[in-house]
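Visitor: Make a model of this:
(one chain, ligands or ions: 2)
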Amino acid sequence: MDEMVNNSIRREFNKAQEILLVCHLRPDGDAIGSLIGLGLALETAGKTIGLVSVDGVPSTYKFLKGMEKIKQTAIENYDLIVAIDCSDRQRIGLKEYLDRPIINIDHHATNNRYGTINCVNPKAAATAEIIAENISDWGLSYNKDIAAALLTGIITDTIGFRTSNVTSRTLNLAADLMSFGADISDIYRRALVSRSFEAVRYWGAGLNKLHKQDSLVWTSLTLEDQKKTGYSGKDDADLINVLSSIEGVMISIIFIEQPEGGVKVSWRSQPEYDVSKIAMEFGGGGHAAAAGAMFDKNLKEVQEIVIRETQKLLVNKQHS
Ligand code: 5GP
Ligand code: MN
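Guide: Numbers count the residues shown, from 1 in each chain. Ligands and ions are numbered 1, 2, ... in the order given. All right, here's what the predicted structure looks like:
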């Protein structure tokens, strides 16, 4: 990271006594791992911290030490906010306290630099990688729990070092985290491989409705599917990774009905297609190969609009 940015972050961390750290709505492993990793590092440095994930902690990440500190609301007052893995302010989901200085730490290319200090590196494979790389320049250090949280962020966002943004730097940092005591095989199993019975039944509901048209596949997960299978998350239980492993598929999409209304859409693509462009058209964001957006319309309407727009991307690419 830019030396000036790192110096400013170090100065802010030194100056602040109470720091609110917040990750994005519908958090993933990178959001939770980075939140805990940086939070514990600041706490170890003597700061009072508040860790907030408005949508709570998915059960997959509850094994992480420090997860019990995460609350769904910020009730106290803080003099500095650190937004983690959030590409825009809306992704934070908190209305309070956003008038304080914000340090924006993220790796999404779609990040709109809303922070007072922007520590954004779209080349990093995970926000946890940015934190691991720069933590000592911010005047902080690792311990075993911090290392385990950050390695969880890196492993989950890269689907076990498989995404095209993984570099030798990612692997070197992961090795550093291991040398601080992070147990890679335990984290890999808990955060990436292990599934609840309900989650696998929920996959079944989605796989039953799988559609394919040329190199595009899609399916939906409804509130009814949740009820029938007993799966209680608002997400796709990572079913999207199964879809994107299908041979010949360039883009996969999952439509997930949300309990509070609306539909969450997730896209995954092969390197030549940038699905973050479509997600941004609809107010969402993400990476070229993995993006998402929220829609206020019903499932049928959302499917029609999104499939039409995604097919356009596939056709345009063929003609270019
Ligand atoms: P997923 O489809 O797994 O929810 O997310 C894929 C990527 O897109 C992640 O990097 C995630 O942070 C981003 N993303 C998902 N939904 C949204 C959204 O509604 N807004 C923005 N800005 N990014 C999103
Ligand atoms: Mn991330």
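Visitor: Please give the element, helix or strand, for the closest residue to residue 282 other than its chain neighbours.
Guide: Spatially, and ignoring its direct neighbours in sequence, residue 282 is nearest to residue 293 (4.3 Å; CB to CB, 6 or more residues apart in numbering). In short, each C-beta sits where N, CA and C put it, glycine included. Per DSSP states H and E: residue 293 is located in strand 290-295.
Visitor: cool, residue 51 as well?
Guide: strand 48-52.
Visitor: just checking, next helix/strand downstream of that strand?
Guide: Going down the chain from strand 48-52, the next helix or strand is strand 70-71, by DSSP H and E.
Visitor: Which of the three states applies to residue 288?
Guide: Put simply, residue 288 is coil when judged by DSSP: H, G, I helix; E, B strand; the rest coil.
Visitor: Who are the packing partners of the helix or strand that contains residue 22?
Guide: Here residue 22, judged by DSSP H and E, is contained in strand 18-23. Where contact means 3 or more CB pairs under 8 Å, 6 or more residues apart in numbering; DSSP states H and E, strand 18-23 is packed against helix 29-44, strand 48-52, strand 80-84.
Visitor: which one of these lies closest to ligand 2?
Guide: The minimum distance between ligand 2 and the helices and strands packed on strand 18-23 falls on helix 29-44, with 3.4 Å, by CB to the ion.
Visitor: does the closest one come close to ligand 1?
Guide: No - using CB under 6 Å from any ligand atom, helix 29-44 never reaches ligand 1; the gap is at least 7.5 Å.
Visitor: just the angle between that helix and strand 80-84, please?
Guide: For helix 29-44 against strand 80-84, the angle between stretch directions is 150 degrees (axes from the mean of the first three to the mean of the last three CA atoms, to 10 degrees).
Visitor: Name the residues of helix 29-44 that are buried.
Guide: For helix 29-44, burial by neighbour count (16 or more other CB atoms under 10 Å) applies to 29-43.
Visitor: likewise stretch 278-294?
Guide: Using 16+ other CB under 10 Å as the test for burial, stretch 278-294 gives 278-280, 282, 284-294.
Visitor: Likewise for stretch 66-85?
Guide: Buried residues in stretch 66-85, defined by neighbour count with 16+ other CB under 10 Å: 66-67, 69-70, 74, 78, 80-85.
Visitor: So what would you say the end-to-end distance of it is?
Guide: End-to-end span of stretch 66-85 (CA to CA, to the nearest Å): 18 Å.
Visitor: residues in contact with the biggest helix by length in the chain?
Guide: For the chain, the helix with the greatest residue count under DSSP state H is helix 299-319. Contacts to helix 299-319, defined as CB atoms under 8 Å, 6 or more residues apart in numbering, come from residues 213-216, 218, 220, 222, 250-251, 253, 255, 257, 263, 265, 267, 272-275, 277-278, 281-282, 295, 297.
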